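Enquirer: Okay, predicted coordinates and the sequence, questions at the end:
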Amino acid sequence: MTRHDITRLLAYTEWANHLVLDACSHLSSEQLHQEFGSGHHTIFETLIHVYGADRIWLERWRGVVPQQFATSKEIPSLEELRSQWSGLEKVRSEFLSSISDATLNDQLSYLNLKGERFSQPLIDQMQHVVNHSTHHRGQVVAFIRSLGVKPPNTDLINYFRTVE
């Protein structure tokens, strides 16, 4: 996989995240915080989780050891979440433009939040971020659908059809 390939997948992830955030902006506060009993329990908490994971992985790639996950106390609103995610996307784009194809295959060690050390190629970690986001977006889409609201189509093939 090349830097172009992973940049394309991360662009898809950002596009799909934006679609979901846009859909969520039309939900009431009660709907955003409704308990669903699965995933991260609410639409808002699931979105915070996805953002938090994106942030943690980006920090690791940049040589920072993250200390904690993002919380709704830190990010109390959908507008604040959108703003912080936008900033993260900019920093991630800058990081991607600073690395080479060869760098993607380098082993990158990191500590998880429990202090355990792991090491995988950078590209594997990046693909995990894409997959993790897709998994949890699917949960959010299901939550939205269960509210009787039509969710956005965040399928990768739809991205290829509409954006590329």
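Expert: All right, it came through fine.
Enquirer: Could you give the number of residues near Glu74?
Expert: Residues near Glu74, counting by other CB atoms under 10 Å, number 13. (C-beta placed from N, C-alpha, C; glycine too.)
Enquirer: ok, now Ser119?
Expert: Other residues lying near Ser119 total 9 when counted by other CB under 10 Å.
Enquirer: Look up phi and psi at it.
Expert: Phi and psi for Ser119, reported as degrees, to the nearest 10, are phi -150, psi 130.
Enquirer: what bits of the protein have low per-residue confidence?
Expert: The chain contains no residues with pLDDT under 70.
Enquirer: can you map out the strands along it?
Expert: Here the chain has its strands, by DSSP state E, at 107-111, 117-121.
Enquirer: okay, those strands in TSV with distance to Gln139 next?
Expert: Converted to TSV, these look like this (distance: least, CB to CB, whole Å):
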stretch	distance to Gln139
strand 107-111	25
strand 117-121	25
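Enquirer: closest to Met1 out of these?
Expert: For Met1, the closest of the strands of the chain is strand 117-121, at 9.6 Å, according to CB to CB.
Enquirer: just the angle between the closest one and strand 107-111, please?
Expert: Strand 117-121 runs at 150 degrees relative to strand 107-111, counting by axes from the mean of the first three to the mean of the last three CA atoms, to 10 degrees.
Enquirer: For strand 117-121, give me every contacting residue.
Expert: Contact with strand 117-121 is made by 104-112, as judged by CB atoms under 8 Å, 6 or more residues apart in numbering.
Enquirer: Relative to Ile157, which of those is nearest.
Expert: Of those, the one sitting nearest to Ile157 (CB to CB) turns out to be Leu104, at 24.3 Å.
Enquirer: Which residue, neighbours along the chain excluded, lies closest to the closest one?
Expert: Ile123 (4.1 Å; CB to CB, 6 or more residues apart in numbering).
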